[in-house]
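**Student:** next input, structure requested:
(one chain, ligands or ions: 3)
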Amino acid sequence: MPDSQFTNRLLDVAVPTPLRKTFQYLPTEACANLKPGCRIRVPFGQQKLVGILVGFSETPTVDQSKLRSIIEIIDQEPVLSAALLRLCIWASNYYHHPIGDVLVNALPVSLRKGVPAHNPQQELTITRMGNTVDLDKLGRAPKQLALLQLVRQSALGKDEIRDRNFQPHIISALLKKKFVTWQRRDPEPQSLHQVIRSYNQISPSHRQNRAIELIKSPGTYLLHGITGSGKTEVYLRAIERVLNDNKQALVLVPEIGLTPQALTRFTDRFAVEIEVVHSGLTPKERLTAWQNAANGTARIIIGTRSAVFTPLPNPGLLVVDEEHDGSFKQQDGFRYSARDLAVMRGQLEKIPVVLGSATPALESLHNCKLGKYKLITLPERTAGAKKESYRLLNMRNRELQGGISTELIKQIRAELGQGNQVLVFINRRGFAPVLYCPDCHWIAKCSRCDARLTYHLEQRSLICHHCGTHTSIFDNCRQCQSFQLLPLGMGTERVEETLSSIFPTVPVYRIDRDTTRRKGALADVVHKVGTGKPAILVGTQMLAKGHHFPDVTLVAMLDIDAGFFSSDYKAMERSGQLILQVGGRAGREAKQGKVILQTHLADQPMLQQLIKEGYSVFADTILAERKLNGLPPFSFHCLFRAESPQKHTAMQFLEDVSREPLSNPSVEMLGPIAPVMEKRAGRFRAQLLFSSRSRILLHQSVDEKIKAAQLSRLLNRVRWSVDVDPADLA
Ligand code: ADP
Ligand code: ZN
Ligand code: ZN
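**Tutor:** Ligands and ions are numbered 1, 2, ... in the order given. Coordinates of the predicted model:
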């Protein structure tokens, strides 16, 4: 009977293609009990691809005769749990990204290629014959005898045998005689009795206890606590509870926050298995971490952005630390926000989600006001430490030395004199951002971008910070041959040079992407600074995350003005966050910390408000302004970006897309326009912005315009993307 139950259920399969839909396949008999979330190999055009079953359908959407059968089933058990699969389908709709590519992003590379999801460890085990055989019989094969005796005592894994230097032919000989056999080793049962290694003499404060108590039940919590207020301690206690309930916890951290120092907090506290997931893992390491999470061996998973897709058979808690951080948003391909997906995942799994920050994103604070998140605050530093104090140093009419005011130098000297350390922040690497010819006004520019080249003294190069182009330094002007070329402005290298010459006896350590490229370089500096001797640290925002410098008492910020007059509506929010994050490095332990901001904008009201009244008041002011202007989070944005090596093509493509008015006139369509940097890495860019107070209407309009884009005659001549909730409009 051909028309049995399974044959009239078609398989809806997501395959890794740029097409925004699933594909129907005919099932085979083996598909009778197949569950969504399993991988299947399917024919696709001339290719064979690994797809994922997302569901079933009854009626074909194409001509029945065109439907093809699957090639093989790869998994018996789903590689994506029901909750993760739902999360991915939701994300595909929300971010308007092809479902096949979303699912591919959710799996480690090896699984995308179709390797087995789990390869249980095999171990060499003794057989009944092996147990009873007379050992004298092996007298003339001493190696075989030795191995047999070991296996009689306990089964051995492949690695253990290799470590003891037994050659494969020894094993084969014993296998052939049927004295031993390979058997599957099951994951070690977890020792439930020991979760805590050490509390390190910390007992939570009253406020911390209240926070820990609150985040017991499912929901999203915004933990707003100043730097050093004990947020991490709250995470640790909440995780402890989850572990005692025999569940797992997933902790997301910003890309550069995943420092050995930060990890130590977890490994010192907990005796359970912890997996760390980040972009630096090899495919094999990544698969192992995935497997250990999926089989429940790993109880805590700490990872960056993509770790939000880690399988958790027993989920208990999700934490997003530094939730405001930009690195949670993926900026190419599948442009998702890991923080927002974590919140959605928490809802689907029905578990608590904690978003923590000293400077929460405005949209998160807004969600608290709407009642979607519960706000928990920790307004004070923990016992012993005082909050840092802020001071604006007006640069107007001040004497400067290499861009640093003499008043600031005096303060630095005083601090060093008391045996303390000083951190000097400047958010630009290299020596100077501009190389300028005073004779003809020529400026060194990138040939591939609308951008200036940064002068790097150490590498003797001019480097484009947007596309990475390197050019060797030259001595004379490219336009008038003058030898008077001047580096203008300052970067970390110049500040390092200036401070080294002013303080020749004090070590100056520079921390930026250039000095930390070598593996272990950053750890070396952190170690040297850790001795507590007077020192100056010069660095970019790499300094602001994850590192703990207990002897830094003064933080000096040299160039924070740009964000206060930028045209980007998010720049002000980001500057405020950065100032408090970097400033929070000052005086984390017994010593009172000071922060000095060198600025031309000492009267700027927002800057004043930030340092006098604190982040919450500052955030409220910006929110009020955004409300007035109908900007996010009071409206929602979606940005179409296009680029092409030919000038005008990207713009014409988006003109095609925007030609027809939207069917819903309440959704605004702005552009297309060229971004401030029109040309980047040899491509000309254009963008089209959609904005609406209603998410639903916005998404409908975006769908409409994606269809229009797919019909454009220029579709094949551009690279284009859809960015929902874009991090910036540049
Ligand atoms: P945050 O994550 O908010 O920056 P941490 O959790 O790192 O703050 O806490 C700052 C410092 O205070 C750490 O050294 C931590 O060990 C310590 N600490 C946290 N909570 C307490 C507490 N209740 N009692 C004493 N020390 C604490
Ligand atoms: Zn460039
Ligand atoms: Zn010149």
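**Student:** how far away is the closest residue to R398 other than its chain neighbours from ligand 3?
**Tutor:** Setting aside the residues directly before and after it, R398 is nearest to S405 in space (C-beta to C-beta, 6 or more residues apart in numbering), at 4.4 Å. (Each C-beta comes from the backbone N, C-alpha and C, glycine too.) Distance, S405 to ligand 3, by C-beta to the ion, to the nearest Å: 31 Å.
**Student:** phi, psi of S405?
**Tutor:** Note on S405: backbone dihedrals following degrees, to the nearest 10 are phi -70, psi 150.
**Student:** assign L688 to helix, strand or coil.
**Tutor:** Judged by DSSP: H, G, I helix; E, B strand; the rest coil, the three-state class of L688 is strand.
**Student:** that one contacts A674, correct?
**Tutor:** No: L688 lies out of contact with A674 (C-beta atoms under 8 Å); the separation is 11.2 Å.
**Student:** need the contact list for the residue nearest in space to the middle of the chain.
**Tutor:** Centroid-nearest residue in the chain, with C-alpha atoms, centre = their mean: R305, separated by 3.2 Å. Contacts for R305 were tallied using C-beta atoms under 8 Å, 6 or more residues apart in numbering; they are L252, E255, S327, F328, Q330, A338.
**Student:** now those residues as CSV including pLDDT and secondary structure?
**Tutor:** Listed next are the contacts of R305 as CSV, based on pLDDT from 0 to 100; DSSP: H, G, I helix; E, B strand; the rest coil:
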residue, pLDDT, secondary structure
L252, 97, strand
E255, 85, helix
S327, 94, helix
F328, 97, helix
Q330, 96, coil
A338, 98, helix
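**Student:** low-confidence bits of the chain, can you list those?
**Tutor:** Under the criterion pLDDT under 70, the flagged ranges of the chain are 1-8, 120, 186-193, 383-384, 546, 588-589.
**Student:** what does the protein put close to ligand 3?
**Tutor:** Residues of the chain lying close to ligand 3 by C-beta under 5 Å from the ion are C437, D439, C440, W442, C477, Q479, C480, S482.
**Student:** any idea which of these is the one closest to F636?
**Tutor:** Comparing the residues of the chain next to ligand 3 against F636 with C-beta to C-beta places W442 closest, at 44.1 Å.
**Student:** check contacts around that closest one.
**Tutor:** With contact set as C-beta under 8 Å, 6+ apart, W442 has these partners: Y436, C477, R478, Q479, C480.
**Student:** now the buried members of those.
**Tutor:** Taking 16 or more other C-beta atoms under 10 Å as the criterion, what is buried in the contacts of W442 is Y436, C477.
**Student:** leaving out chain neighbours, which residue sits closest to I302?
**Tutor:** Leaving out its chain neighbours, the residue that sits closest to I302 by C-beta to C-beta, 6+ apart is V251, at 4.6 Å.
**Student:** not counting residues beside it along the chain, what's closest to the closest residue to ligand 1 within the stretch 351-500 of the chain?
**Tutor:** Proximity of the stretch 351-500 of the chain to ligand 1 (C-beta to the nearest ligand atom) peaks at T382, 3.9 Å away. Spatial nearest neighbour of T382, chain neighbours left out: G230 (4.6 Å); criterion: C-beta to C-beta, 6+ apart.
**Student:** same deal with S110?
**Tutor:** Excluding the flanking residues, the one nearest S110 by C-beta to C-beta, 6+ apart is L287, at 4.7 Å.
**Student:** cool, D514 as well?
**Tutor:** Among residues not flanking D514 along the chain, R429 sits closest, at 5.6 Å (C-beta to C-beta, 6+ apart).
**Student:** for A674, same thing?
**Tutor:** Excluding the flanking residues, the one nearest A674 by C-beta to C-beta, 6+ apart is A686, at 5.6 Å.
**Student:** what do you get for L537?
**Tutor:** Here the residue nearest L537, using C-beta to C-beta, 6+ apart, is L423, at 4.7 Å.
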